[in-house]
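J.: just a sequence and a predicted model for now, questions to come.
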Amino acid sequence: MATMGMAIDLRRCAGCYACVVACQMHNNTKPGVAWGHVDAKEWGEDPDNRRCYLPHACMHCEDAPCVKVCPTGASYVREDDIVMVDYDQCINCGSCLHACPFGARVQNDVEGNFFDTAEQAPYEAEGIQRTQVVEKCIFCAGRVDAGLQPACVQNCPGNARVFGDLDDPESPISAFLAKDGVVRVGNTHFCYRPVDGMPKDLLPHAEVQAVANKGVDSKPAEAGIPLPAAIGAVAVAAAAGAGIGIGVKNAKGAKNAAPTADNHQTAKGGDDHE
């Protein structure tokens, strides 16, 4: 059985937000709702200060705390380890919001359209909107089932994102994991390749979520809805998010140990840029 995962090469990310907008358009989210975010990270002091951009969303934990606390079973894990949400079962209790160490979920409890219009624009009406539920990234599971890449991967102009089966040694993501400097974030299906000199503590790390985000909910669009070849940058507010250090399953299903205190593990110590 497959184990689907996401990897991001921060050396290729330009912070254009195309991934965020592609996700919003494909999943027909409403104003104030973004399943993915991009944060600017800075380190060092003048004249040697540096900056990079850090995309993040649901990390799809192997032992997902959101699933454990859900009282109705609305949050569940597919056989390919994608963490899903059944909106028909969600009662908007907020338990998963507080359990998620990444701040990756959004609680929606208001109605609204973009540009404050009374009626939806045609592109907004593609999916079925829901309110009084909690939603998040589901790796565009409908597209995955149709043999397609997630919307954020397809529309990244810098080819910074890699998605695929972590259990398949021939998959693109397995090839990415073999690159020098890749950091695996433990107990999730996410990893990053930092830019040269980037402190590891700037990568996603676990945080207790104290306050739930508010917004408007929507249901993912069908897999067959076409996406633009390239989506331009649209101003979307980046929210602070977090991740936890991870160990990703290898091709044989074993988990790699996370040796450091913050659970970040570097596959190979090099910093070459390809």
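T.: That came in fine, so what should we check first? Numbers count the residues shown, from 1 in each chain.

J.: contacting residues around the residue nearest to residue 95 when sequence neighbours are not counted?
T.: Leaving aside its chain neighbours, residue 95 sits nearest to residue 69 (4.4 Å; criterion: C-beta to C-beta, 6 or more residues apart in numbering). Placement of C-beta: from N, CA and C, glycine included. For residue 69, the contact set (C-beta atoms under 8 Å, 6 or more residues apart in numbering) comprises 95-96, 98-99.

J.: among the residues you listed, which are in strands?
T.: If you go by DSSP state E, the contacts of residue 69 have nothing in strands.

J.: who wins for most neighbours among those?
T.: When neighbours are counted by other C-beta atoms under 10 Å, residue 96 leads those with 27 neighbours.

J.: tell me how many other residues surround residue 48.
T.: Residues lying near residue 48 (other C-beta under 10 Å) number 8.

J.: mind telling me what element it is part of?
T.: Assignment of secondary structure by DSSP states H and E places residue 48 within no helix or strand.

J.: check the one 10 residues further on too.
T.: If you go by DSSP H and E, residue 58 is not part of any helix or strand.

J.: was I right about it contacting residue 136?
T.: Yes. Using C-beta atoms under 8 Å, residue 58 makes contact with residue 136 at a distance of 4.6 Å.

J.: tell me which of the two has more neighbours.
T.: Each of residue 58 and residue 136 has its neighbours counted (other C-beta under 10 Å); residue 58 has more, 28 against 21.

J.: returning to what we had before: need the contacts of residue 69 in JSON lines with pLDDT, can you?
T.: Formatted as JSON lines, the contacts of residue 69 follow (pLDDT from 0 to 100):
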{"residue": "95", "pLDDT": "95"}
{"residue": "96", "pLDDT": "96"}
{"residue": "98", "pLDDT": "93"}
{"residue": "99", "pLDDT": "95"}
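
J.: what about the helices in the stretch 51-200 of the chain?
T.: 65-69, 95-99, 141-145, 151-154, 172-177 (DSSP state H, counting those that start in this stretch).

J.: make JSON lines out of the contacts of residue 69 and add distance to residue 51.
T.: Formatted as JSON lines, the contacts of residue 69 follow (distance: C-beta to C-beta, whole Å):
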{"residue": "95", "distance to residue 51": "36"}
{"residue": "96", "distance to residue 51": "32"}
{"residue": "98", "distance to residue 51": "32"}
{"residue": "99", "distance to residue 51": "32"}
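
J.: picking that back up, please enumerate the shared neighbours of residue 58 and residue 136.
T.: Contacts common to residue 58 and residue 136, judged by C-beta under 8 Å, 6+ apart, are 35, 83, 100, 104-105.

J.: just give me the closest of these to residue 190.
T.: residue 104 (10.4 Å; C-beta to C-beta).

J.: does that closest one touch residue 61 like I think?
T.: No. Counting by C-beta under 8 Å, residue 61 is not a contact partner of residue 104; they are 9.7 Å apart.
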